[in-house]
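Q: When you get a sec, could you give me coordinates for this:
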Amino acid sequence: MEWRENAKKMAAISASKHVKNGSIVGLGSGTTVVYAFQELSRKIKETKLNIVGVPTSYQASQIATKYGIPLTTLDENPQLDITLDGADQIDNDLNMIKGMGGALTKEKIVASASRMNIIMVDETKLTEKLGINQPVPIEVIPFALPLVQQKLRHLGSNPILREAKKKLGPVITDNGNLILDVDFGPIDNPKELNQILKVIPGIVETGLFLELADIIYVGRKETTSKLEKK
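A: Numbering: from 1, shown residues only. Here you go, the predicted model:
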């Protein structure tokens, strides 16, 4: 599927066109967003684009710095103009699952602080229903892990603690928490599920991003399409 990288790049370039001079930009995490960083870096150098960014993760901060994108914080700018981010799965209502990169809590905070959210994906991320062959990442306070796992199993799900790939032990988020990847199967009512999860003590945030996407650019094999909130 070599076409996917070019598809992601084209989607990111389209998304970057929404960033105007003087914008305060939320900088998402993940592989697709890197292409947006590259495009913004080019515009900063070639057209003197003047922007500042709020990164959603340590990774995003490092990559933005590498590409010469000036950074700021929510303390200095609690209202953002636009956020550029990716997604792990998107349904027909533009609801999303995010968090496979581990930055879901900060991503959701930054998205909620933004006037507009632009999402970039390739077409493999589209689905008729969230949860089909896709777990929901959930960030959990370590102390509450046994309780949260028990309650999630009572909901009929299969929570799996995310393990690190190049070190022993679990993945630790930028916030010092753990991540459960939870298989709910096809989700009929994402809003209801999100409400149920958010009242479980110890759950910091869920990877269900509902009614947050304004525009989605979908990279395909031959072209890029645009989906907009109805």
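Q: mind listing what residue 129 touches?
A: 91, 186-188 (C-beta atoms under 8 Å, 6 or more residues apart in numbering). (Glycine included, C-beta is placed from N, CA and C.)
Q: can you check residue 183 too?
A: 131, 135-136, 157-158, 160.
Q: So for stretch 3-19, what gets flagged as buried?
A: Residues 4, 7-16, 18-19 are the ones in stretch 3-19 that count as buried (16 or more other C-beta atoms under 10 Å).
Q: tell me the phi and psi of residue 64?
A: With angles defined as degrees, to the nearest 10, residue 64 sits at phi -60, psi -40.
Q: Surely it and residue 28 touch.
A: No: taking contacts as C-beta atoms under 8 Å, residue 64 lies outside contact range of residue 28: 10.6 Å.
Q: the more surrounded of these two?
A: residue 28 (31 against 23; other C-beta atoms under 10 Å).
Q: Next up, the contacts around that one.
A: 56, 60, 83-86, 103, 107, 110.
Q: Check these for burial and list the buried ones.
A: Buried, going by 16+ other C-beta under 10 Å: 56, 60, 83-86, 103, 107, 110, out of the contacts of residue 28.
Q: what about the closest residue in space to residue 55 that isn't next to it in sequence, is that helix, strand or coil?
A: In this structure, residue 55 finds its nearest non-sequential neighbour in residue 61, 4.0 Å apart by C-beta to C-beta, 6 or more residues apart in numbering. Classification of residue 61 by DSSP: H, G, I helix; E, B strand; the rest coil places it in helix.
Q: Let me know the distance separating residue 61 from residue 16.
A: Counting by C-beta to C-beta, to the nearest Å, the separation of residue 61 from residue 16 is 18 Å.
Q: Widest-spaced pair of the contacts of residue 129?
A: Farthest pair in those (C-beta to C-beta) is 91 and 188. Separation: 11.1 Å.
Q: more crowded one of these two?
A: Remark: of residue 91 and residue 188, residue 91 carries more neighbours, 18 against 11, as counted by other C-beta under 10 Å.
Q: Now the more buried one: closest residue in space, sequence neighbours ignored.
A: Nearest residue to residue 91 in three dimensions, chain neighbours excluded: residue 130, at 5.0 Å (C-beta to C-beta, 6+ apart).
Q: count of neighbours near that neighbour?
A: 27.
Q: Likewise for the one 4 residues further on?
A: Neighbourhood size, residue 134 [other C-beta under 10 Å]: 21.
Q: Spit out the contact partners of it.
A: Going by C-beta under 8 Å, 6+ apart, residue 134 touches 88-89, 97, 127.
Q: what's the closest of the contacts of residue 129 to residue 229?
A: residue 91 (12.9 Å).
Q: wait, the closest one sits on residue 131?
A: No: Residue 91 is beyond contact range of residue 131, at 9.1 Å (criterion: C-beta under 8 Å).
Q: what helix or strand does the closest residue to residue 43 other than its chain neighbours sit in?
A: Nearest residue to residue 43 in three dimensions, chain neighbours excluded: residue 49, at 4.1 Å (C-beta to C-beta, 6+ apart). Per DSSP states H and E, residue 49 falls between elements, in no helix or strand.
Q: What is the burial count for residue 49?
A: Residue 49, neighbours per other C-beta under 10 Å, totals 18.
Q: Looking at it now. What's its pLDDT?
A: Confidence at residue 49, expressed as pLDDT, is 94.
Q: same deal with residue 1?
A: 59.
Q: picking up where we left off before, from what I see, the residue nearest to residue 55 and residue 71 are in contact.
A: Yes: using C-beta under 8 Å, residue 61 is in contact with residue 71, at 6.5 Å.
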